[in-house]
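> Sharing a model prediction with you, sequence too.
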Amino acid sequence: MPNMRISLGFLLLITLQTLMPESIAQDAAVALKASLLANYDKSLRPVKSVSTHVNVDFDVSIRQIIELSEKDQIFRVNLWLRVYWNDEYLTWNASEHGGVDSLSIHSSDVWRPDIFLYNNIAETYGNIEAITDVTVTSTGRVTHLQPTIFTSACPVDITRFPFDKQECILDFASWIYTGDKVNMSQVNPEAGRSTFTPNVEWILNGAPMSRKVDFYPCCPHPFVTILIILQLERRSFFYMFNMVLPCAILMILNVLGFYIPPDSGERLGFFMTILLALVVFLQVLSGSLPKTSTTVPQLGLFFAVTIALVGFSCLASIVVIRLSYSGPAARPLPRWLRLLLLHYLARLFCMDTIAEEKHVDEKKEDVSNSSHQDSQTNQPRNTPNLALDLSLREIVRYSREYLAQTWKKKLEEADQDEWKMAALVLDRALMILVGIASIVACVILLR
Ligand SMILES: *[C@@H]1O[C@H](CO)[C@@H](O)[C@H](O)[C@H]1NC(C)=O
Ligand SMILES: *[C@@H]1O[C@H](CO)[C@@H](O)[C@H](O)[C@H]1NC(C)=O
């Protein structure tokens, strides 16, 4: 037992010994802080000579992109600010003050550069509020680290939506001090991104910083601005998957719709259904498109072109169906149309074999008909019997009439077939036209 008591006392002694310098240091720090701030005027620049300028080093770490609103052109971002400067009144000799070489003082108790975000549009004024403490070393170096949320104006150009890239610029400058009083400079060429939390909608490609010095006619002093350029790129996968893909499928169906035979009766209904689906789809998705009227986004244009193509397919179908049902009163195909459709276009689409065959068939029947007629007119001359002759003549007359009628009917049918043929060739031409237009639209608008 006595052993244990001794060891306990020993322990207490050790802890006291280790704590002693700390408590002395703490007292020294309190005294030092009181003495430093006793005659401190935080509204004056911390320089002993008026001509000295305060060098302010400005650095930023990007924490998170909160939002970028296309409609309101508002950009909200969470930044970690790091501002460093020298304060000539906050210096001391560490060995004279119990080895205290750094102090933390609340930032509202010392002079701070009045850095403002110039393109701020929040309800606050865009200044960096005094929230955290600053750290001061014995040499007078002041470090101010502070998290801040900034809301700035960012002009958003949605012409290339959803493949757009945006640049949001944050410009920081001192509000009352010119460059010869407070000289701001950047620490790094680029804003830090080590603590960046990826955004689900935007990719941060880079955040270069630059220092800009402006001279205005009013005054000879330079005005220094630090710019942070946030280069954002939209993640387009969501739009590709949910908007472009269904629309592209409808586009393909629209081209394939021309494969339905015009006389099957399904064709027009099919195109109409696609058109309806597209309109309903657009209604649902119009909420996702940026609601601006200054420019048409690329995706909106893609929808518009798709609807126009499907509308054109409906119209083309009506024409083709009308042509292929030209009816018994149809006039023969006009020469220019026959030349254009059955000659040139049919040959172009390798459909000329069907067209040629039809013509050959007609000619063959023509020849066989005329030979029949010849043999029939020659026969009655050599018959002796009058009665027989008369009845034979009757038969011949009837058969001629019959032949003439069937011949006329055949001609009409041939005309109708020709119209039908022309409709088929026109149909193929339109299908290729719509197909090419769809591909061109996809290539141009989905880059
Ligand atoms: C700090 O104080 C010590 C002791 O008084 C002295 O020796 C030293 O030179 C001082 N240092 C400076 C930088 O003044
Ligand atoms: C202000 O800072 C810039 C960049 O750090 C430096 O080049 C310039 O010389 C400074 N201006 C003055 C007057 O010291």
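Structure received. Ligands and ions are numbered 1, 2, ... in the order given.
> quick one: low-confidence parts of the stretch 1-150 of the chain?
Along the stretch 1-150 of the chain, the model assigns pLDDT under 70 to residues 1-22.
> show me the residues around the residue of the chain found nearest ligand 2 that make contact.
Per CB to the nearest ligand atom, Ser185 is where the chain lies closest to ligand 2, at 3.1 Å. Yep, even glycine has a C-beta here, placed from its N, CA and C like the rest. Neighbouring residues of Ser185 by CB atoms under 8 Å, 6 or more residues apart in numbering: Asn55, Val56, Asp57, Phe58, Arg211, Val224, Ile226.
> Please apply the same query to Gly98.
Gly98 neighbours (CB under 8 Å, 6+ apart): Pro21, Ile24, Ala25, Asp27, Ala28, Ala29.
> now His221
His221 makes contacts with Thr178, Gly179, Asp180, Lys181, Phe215, as judged by CB under 8 Å, 6+ apart.
> Let's see which of the residues you listed end up in strands.
Mapping the contacts of His221 onto strands (DSSP state E) picks out Phe215.
> farthest pair in the contacts of His221?
Taking CB to CB as the measure, the contacts of His221 reach their widest spread between Lys181 and Phe215, a distance of 15.0 Å.
> Neighbour count: those two, which is higher?
A count of neighbours by other CB atoms under 10 Å puts Lys181 above the other of Lys181 and Phe215, at 17 against 11.
> Test my guess that that one contacts Arg45.
Yes - using CB atoms under 8 Å, Lys181 is in contact with Arg45, at 6.5 Å.
> what do those two both touch?
Counting by CB under 8 Å, 6+ apart, the shared contacts of Lys181 and Arg45 are Val54.
> so where does the closest residue to Met272 other than its chain neighbours fall, helix or strand?
Nearest residue to Met272, sequence neighbours excluded (CB to CB, 6 or more residues apart in numbering): Cys314, at 6.4 Å. Element membership for Cys314, per DSSP states H and E: helix 298-324.
> Phe116 now?
Counting by DSSP H and E, the element that carries Phe116 is strand 115-117.
> which other helices and strands contact that strand?
When contacts are defined as 3 or more CB pairs under 8 Å, 6 or more residues apart in numbering; DSSP states H and E, strand 115-117 packs onto strand 165-174.
> Other residues contacting the strand it packs on?
Strand 165-174 has contacts (CB under 8 Å, 6+ apart) with 56, 58, 68, 75, 77, 79, 113-119, 150, 152, 154, 156-157, 181-182, 184, 202, 205, 212, 223-234.
> What mean pLDDT does the helix or strand following it get?
Using DSSP H and E, the helix or strand that follows strand 165-174 in sequence is strand 182-186. Regarding strand 182-186, the rounded mean pLDDT is 94.
> Near ligand 1, which residues of this structure are found?
Contact residues (CB under 6 Å from any ligand atom) of the chain with ligand 1: Asn93, Ser95, Glu96.
> and which of those is nearest to Ile318?
Asn93 (96.4 Å).
> mind checking pLDDT for the most centrally placed residue in the chain?
Per CA atoms, centre = their mean, the C-alpha nearest to the average position across the chain is that of Pro162, at 0.7 Å. Pro162 carries a pLDDT score of 88 in this model.
> From Ile158, how far out is the residue lying closest to it once chain neighbours are set aside?
Among residues not flanking Pro162 along the chain, Tyr239 sits closest, at 3.8 Å (CB to CB, 6+ apart). Applying CB to CB, to the nearest Å, the value for Tyr239 to Ile158 is 12 Å.
> all helices of the protein, in order?
2-38, 237-239, 245-256, 267-285, 298-324, 335-337, 346-348, 352-378, 386-445 (DSSP state H).
> Quick check: which of those helices is buried the most?
helix 298-324 (a mean of 19; mean count of other CB atoms under 10 Å).
> Return the angle between stretch directions for that helix and helix 267-285.
If you take axes from the mean of the first three to the mean of the last three CA atoms, to 10 degrees, helix 298-324 sits at 170 degrees to helix 267-285.
> pLDDT of helix 298-324, averaged?
On average, helix 298-324 scores 92.
> before we move on, the earlier item: give me the residues contacting the strand holding Phe116.
With CB under 8 Å, 6+ apart as the criterion, strand 115-117 contacts 56, 58, 83, 125-128, 150, 152, 170-175, 184.
> Closest to ligand 1 out of those?
For these, the residue nearest ligand 1 by CB to the nearest ligand atom is Val56; the value is 24.9 Å.
> Bridging across strands, which residues link to the closest one?
Applying DSSP bridges to Val56 gives these bridge partners: Met184.
> and it, how many neighbours?
Burial of Val56 is recorded as 22 neighbouring residues (other CB under 10 Å).
> Next: Ser210.
Look at Ser210: counted by other CB under 10 Å, it has 14 neighbours.
> so what's it scoring on pLDDT?
Looking at Ser210, its pLDDT stands at 96.
> isn't it right next to Ile229, touching?
Yes - at 7.3 Å, Ser210 counts as touching Ile229 under the criterion of CB under 8 Å.
> before we move on, back to that, out of the contacts of strand 115-117, who has the most neighbours?
Within the contacts of strand 115-117, neighbour counts (other CB under 10 Å) peak at Phe172, which reaches 27 neighbours.
> Could you check how far that residue is from Pro222?
From Phe172 to Pro222 the distance is 15 Å (CB to CB).
> I'd guessed Asp57 sits against Val83; true?
Yes - using CB under 8 Å, Asp57 is in contact with Val83, at 7.2 Å.
> Identify the contacts common to the two.
Common neighbours of Asp57 and Val83 (CB under 8 Å, 6+ apart) do not exist.
> Of all the residues in the protein, which one is nearest ligand 1?
Residue nearest to ligand 1 within the chain: Asn93 (3.6 Å; CB to the nearest ligand atom).
> count of residues packed around that residue?
8.
> what's the closest non-adjacent residue to it?
Using CB to CB, 6+ apart and skipping residues adjacent in sequence, the residue nearest Asn93 is Ser138, 7.0 Å away.
> any idea how far the closest residue to His53 other than its chain neighbours lies from Asn127?
Nearest residue to His53, sequence neighbours excluded (CB to CB, 6+ apart): Asn183, at 4.9 Å. To Asn127, Asn183 is 19 Å away according to CB to CB.
> next one: Glu96
For Glu96, the distance to Asn127 (CB to CB) stands at 37 Å.
> Check Arg160 too.
Taken as CB to CB, the span from Arg160 to Asn127 is 35 Å.
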